[in-house]
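*Asks:* Provided below are the primary sequence and the corresponding predicted coordinates.
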Amino acid sequence: MGEEASSLDLKSKIRVIPDFPKPGIRFKDITTLLKDGRAWRAAVDGLAALCRGKGAQLVAAPEARGLILGSALAYALGVGFVPVRKAGKLPAETLRGEYTLEYGKDALEVHRDAVQPGQPVLVADDLLATGGTIKATIDMVEKLGGRVVGVAFLIELTYLPGRSALSGYDVVSLIRF
């Protein structure tokens, strides 16, 4: 973690919303971190520090909050960015991946020409919970021929089995609940 990130209590910048989007879920709202310029910079820089040296040429990240984090992380690392969008949002030919959230089901798509065979890709998202969203993203990157060199999260919920769903991948997270 970068010096700035370690000097700030980034966990305290995240608002927890009980019973959203359904009873029993304690939603981690990153908008309170995003609006604090110093904390947001520290978070991106801290995560970038954990990801440097992995050799990524691209960062791929899923909609919605993953796009915010992933694009900032790609910028900080000086590499390209691949948006992984909700179904029907991308204009060119796509590859579709379905997944299960901790509170439902959904699908994502990526452009078929977004990743070249053998290209090293860092996959990133704002939050690791059950691992469904990020596993769907990883599967699509690999179906396109990409080589996943790491998986990065702003937040990891250690009380859920997300990390075990990603065994075999180099997983890093900046903040843990």
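*Replies:* Sure thing, it's come through. A quick note: this is a predicted structure, and the numbers were derived from the prediction, not measured.

*Asks:* The closest residue to residue 170 other than its chain neighbours: what's it in contact with?
*Replies:* Spatially, and ignoring its direct neighbours in sequence, residue 170 is nearest to residue 150 (4.5 Å; CB to CB, 6 or more residues apart in numbering). Glycine gets a C-beta too; all of them are placed from N, C-alpha and C. Residue 150 makes contact with 51, 54, 56, 122, 123, 169, 170, 171, 172, according to CB atoms under 8 Å, 6 or more residues apart in numbering.

*Asks:* out of those residues, who's nearest residue 66?
*Replies:* Using CB to CB, residue 123 comes nearest to residue 66 of the contacts of residue 150, at 9.0 Å.

*Asks:* I figured that closest one was touching residue 151, is that so?
*Replies:* Yes - taking contacts as CB atoms under 8 Å, residue 123 lies within contact range of residue 151: 4.9 Å.

*Asks:* what touches both of these two?
*Replies:* Common neighbours of residue 123 and residue 151 are listed as 134, 138 (criterion: CB under 8 Å, 6+ apart).

*Asks:* Who has more neighbours out of the two?
*Replies:* Neighbour tally, residue 123 and residue 151, criterion other CB atoms under 10 Å: the higher count belongs to residue 123, 31 against 25.

*Asks:* Okay, now the sheet partners of the helix or strand harbouring that one, with direction.
*Replies:* Taking DSSP states H and E as the criterion, residue 123 maps to strand 120-128. Strands that pair with strand 120-128, judged by DSSP bridges, come out as strand 58-62 (parallel), strand 147-156 (parallel).
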